[in-house]
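Novice: I'll drop the sequence and a predicted model, then ask my questions.
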Amino acid sequence: MIRPSPVPNADTRPYWEAAERGELAYRQCLECGKAQFPPGRVCRRCRGETLEWRISGGCGTVHSFTVVHRAPTPAFAAPYAILLVDLEEGFRIMTNLRHGDAAGLAIGSPVRIVFEPSDGGPALPQAELRS
Ligand SMILES: [Zn+2]
């Protein structure tokens, strides 16, 4: 069974193009300075419409996580970990732990966002522990 893949649209295409290069793109509001993720046309804090694309260094820490033991479809191999990661640039991303091994994972663990090819879709972000 093939895992469902995201479908880029006009608003998210720069994000997915960066993902293919292995880069984590986000939007920065030039009116209030708030980092935006997932990317959008309007700032969620100030409703400003002047945002630019930026590339994250990909480093952050685990805000929270859960381990899924019963996959929603056979396309997902359980167990696997889902994380909320706070990036150094000030935004949060939900992602999977690369290779799914949650041993050693804790709130506050330092992680790095990397991208892996998907089944026929765009490259997907994954977190891996860093020291
Ligand atoms: Zn703003």
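Specialist: All right, it came through fine.

Novice: If you count contacts, what does the strand ranked longest in the chain end up packed against?
Specialist: Longest strand in the chain, counting residues (DSSP state E): strand 59-68. The criterion is 3 or more C-beta pairs under 8 Å, 6 or more residues apart in numbering; DSSP states H and E, and the helices and strands that strand 59-68 contacts are strand 80-87, strand 92-97, strand 110-116. For the C-beta atoms, the positions are set from N, CA and C on the backbone; glycine is no exception.

Novice: wait, C46 sits on E31?
Specialist: Yes - between C46 and E31 there is a contact under C-beta atoms under 8 Å: 5.5 Å.

Novice: before we move on, the earlier item: closest one to the ion among the helices and strands packed on strand 59-68?
Specialist: strand 92-97 (16.2 Å; C-beta to the ion).

Novice: And the closest one, what does it pack against?
Specialist: strand 59-68, strand 80-87, strand 124-129.

Novice: Could you rerun that using 6 Å?
Specialist: strand 80-87, strand 124-129 (3 or more C-beta pairs under 6 Å, 6 or more residues apart in numbering; DSSP states H and E).
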